[in-house]
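S.K.: fold the following and give me the result.
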Amino acid sequence: MAGTKVLMSPVSMMMIHNPATIAFGDHNEMQKAIEMLESVKDSIINAYEIKTSLSRAKLSRLMEAETWMDATKAVELGFADDILQRTDAEDDEAQEPVVEAVMFSRKAMNTALLNKLEAKYRTPASEAEIPAPAETGRSVDDILERLDTISKFM
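M.R.: Numbering: from 1, shown residues only. The predicted structure follows:
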């Protein structure tokens, strides 16, 4: 976002995310790390806000979701100014503009995947859905008698 003009390759992707760090120490050191990350996030949001004119709340949500976008979406949202194009005269005819923008987040993808897995491998929600145990052919009295016999030898 520091450049005067941000250009993206037509095949590139841009990702925005929360800052991250590794911290070691007691609760005071952890608190310092948290405060540092909050400060860094505010600084990044400042740069994004100046570049895109999007609200701080929207930018924060996009960062929280670890948002990926193609060049078209980045231009659409204001993160980039334009998409690089070839300047060769013979290539101009072959170039077709990108018409669909793509944006996705890691959080949304994880949620969608978990929902699909849950639907496929869902455990029965009620006892009515739990299959009855298979018959073993032994009565309860027979089992109790066998347990009583075993306990006499212990």
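S.K.: buried ones in the lengthiest helix in the chain?
M.R.: Longest helix in the chain, counting residues (DSSP state H): helix 27-52. For helix 27-52, burial by neighbour count (16 or more other C-beta atoms under 10 Å) applies to 41, 44-45, 48-49, 51-52. Just so you know, the C-beta spots here come from the backbone N, C-alpha and C atoms, and that holds for glycine as well.
S.K.: quick check: mean pLDDT of stretch 108-125?
M.R.: Mean pLDDT, computed over stretch 108-125, is 78.
S.K.: same question for stretch 11-23.
M.R.: Mean pLDDT, computed over stretch 11-23, is 96.
S.K.: lowest-pLDDT helix or strand in the protein?
M.R.: Using mean pLDDT, DSSP states H and E, the weakest-scoring helix or strand in the chain turns out to be helix 89-94, at a mean of 56.
S.K.: can you name the residues in contact with the very next helix or strand once past the longest helix of the chain?
M.R.: Downstream of helix 27-52, the next assigned helix or strand under DSSP states H and E is helix 56-64. Contacts made with helix 56-64 from outside it, assessed by C-beta atoms under 8 Å, 6 or more residues apart in numbering, are listed as 16-18, 41, 44-45, 48-49, 52, 54, 105, 107.
S.K.: ok, now with 7 Å
M.R.: Residues from elsewhere that reach helix 56-64 (C-beta atoms under 7 Å, 6 or more residues apart in numbering): 16-18, 41, 45, 48-49.
S.K.: from M8, how far off is M69?
M.R.: According to C-beta to C-beta, to the nearest Å, M69 and M8 sit 10 Å apart.
S.K.: intersection of neighbour lists for those two?
M.R.: Contacts common to M69 and M8, judged by C-beta under 7 Å, 6+ apart, are M14.
S.K.: between these two, tell me which one has more neighbours.
M.R.: Comparing M69 with M8 by other C-beta atoms under 10 Å, the one with more neighbours is M69, at 24 against 20.
S.K.: got phi/psi on the more buried one?
M.R.: phi -150, psi 150 (degrees, to the nearest 10).
S.K.: now do R138
M.R.: The phi/psi pair for R138 (degrees, to the nearest 10) reads phi -110, psi 140.
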